[in-house]
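J.: Curious how this folds, go ahead:
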Amino acid sequence: MHILIVEDEVQLADALSEILKRNKYITDTVYDGNDGLDSALTGIYDCILLDIMLPGMNGIDVLKNLRKNKISTPVLLLTARSEVEDKINGLDCGADDYLTKPFVTGELLARVRALTRRKGEIINENSFTFSDISLNKNSCSITCQNNDVKLSLKEYQIMELLIANPHQILPKERIIEKIWGYESDVEYNNIEVYISFLRKKLSAIGTNVAIKTARGIGYSLEEVNL
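T.: I've put the predicted structure just below:
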C-alpha cells in the first residue's frame, strides 16, 4: 500500500514515514504544497497524509485541486489547528478524515487503515484473504490451512496489491509505481524475480491460488483447479 506524506516539518514527515514503513506501508515524502500536488496528481497513491499549513500552496488548495482533477485518493488532513471551522472547511473541500497534531501513533494508523480498506475480505485489521489464502501483516506471512511461509517485505507488498485487485491484470508499470514509486528506475526483471519467488511460496503451502501472467502486460491473481 502506497502512501504520500505532504508535511513541511521535516522531522515530523520523516518520523511519519518511518512509522508507516515499520507497518509495511510504502511511503513517499514531500515538504511543500506544490510538490505535494504534483505527486498526488499521478494517482498512484492509496492514501495521502496532507498538512494544511504548507509553503508554496496550502493543504486546502492542494485538496481542492485534487478533487477538481477527479483524483479520489483518500486524504487525511494533518494540522495543528483544532478549531471546528477548520475541520468543517477541510471536510467540505473533499478531505476524508481529519487529525489534529499532536496525535498518537495508534490513532494515526487506525485512521489510515480505515481509509484504505481493501477489496479482499478483511479478517481483522492486519489480515486479508483471497480464496484459501490469508496474508498476515504482523507476521509478514501467507497461510493456506495449516501451512504458512514467511515473505520478504517486497513479496508482501506485491502480494497485498494482488489480493486487493483479484482477477484483474495488473500492468508491470502499475506494480512498479505502487511498490517502488513512479520515479523509480526499477526494471521489469525485478518484478519477474519477485513473482517467481511468490509462485514458489504459493506452491509450497498447497494453495489453489496462482499468479497468472498476461504476456507482455502484467500479472493477475486467480483461483485454479489443482
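J.: wait, what's in contact with residue 137?
T.: 23, 24, 126, 127, 156 (Cβ atoms under 8 Å, 6 or more residues apart in numbering). Yep, even glycine has a C-beta here, placed from its N, CA and C like the rest.
J.: of those residues, closest to residue 78?
T.: residue 23 (16.9 Å; Cβ to Cβ).
J.: Leaving aside the residues adjacent along the chain, what's closest to the closest one?
T.: Nearest in space to residue 23, with sequence neighbours left out and distances taken as Cβ to Cβ, 6 or more residues apart in numbering, is residue 109 at 6.1 Å.
J.: Tell me which helix or strand that neighbour sits in.
T.: Per DSSP states H and E, residue 109 falls inside helix 105-115.
J.: Can you point out the buried residues in that helix?
T.: By 16 or more other Cβ atoms under 10 Å, the buried positions in helix 105-115 come out as 108, 109, 111, 112, 113, 115.
J.: Okay, the spatially most central residue of the chain and residue 210: tell me how far apart.
T.: Centroid-nearest residue in the chain: residue 1, 1.9 Å away (criterion: Cα atoms, centre = their mean). Taking Cβ to Cβ, to the nearest Å as the measure, residue 1 falls 23 Å from residue 210.
J.: Would you map the strands across this structure?
T.: 2-6, 26-30, 47-51, 75-79, 97-100, 121-124, 127-130, 133-136, 141-144, 147-150, 170-171, 209-214, 218-223 (DSSP state E).
J.: possible to save the ones you listed as JSON lines with distance to residue 62 and mean pLDDT?
T.: Listed next are these as JSON lines, based on distance: least, Cβ to Cβ, whole Å; pLDDT from 0 to 100:
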{"stretch": "strand 2-6", "distance to residue 62": "7", "mean pLDDT": "94"}
{"stretch": "strand 26-30", "distance to residue 62": "10", "mean pLDDT": "93"}
{"stretch": "strand 47-51", "distance to residue 62": "6", "mean pLDDT": "95"}
{"stretch": "strand 75-79", "distance to residue 62": "9", "mean pLDDT": "90"}
{"stretch": "strand 97-100", "distance to residue 62": "15", "mean pLDDT": "88"}
{"stretch": "strand 121-124", "distance to residue 62": "30", "mean pLDDT": "44"}
{"stretch": "strand 127-130", "distance to residue 62": "30", "mean pLDDT": "84"}
{"stretch": "strand 133-136", "distance to residue 62": "32", "mean pLDDT": "92"}
{"stretch": "strand 141-144", "distance to residue 62": "37", "mean pLDDT": "94"}
{"stretch": "strand 147-150", "distance to residue 62": "39", "mean pLDDT": "93"}
{"stretch": "strand 170-171", "distance to residue 62": "28", "mean pLDDT": "92"}
{"stretch": "strand 209-214", "distance to residue 62": "36", "mean pLDDT": "94"}
{"stretch": "strand 218-223", "distance to residue 62": "31", "mean pLDDT": "94"}
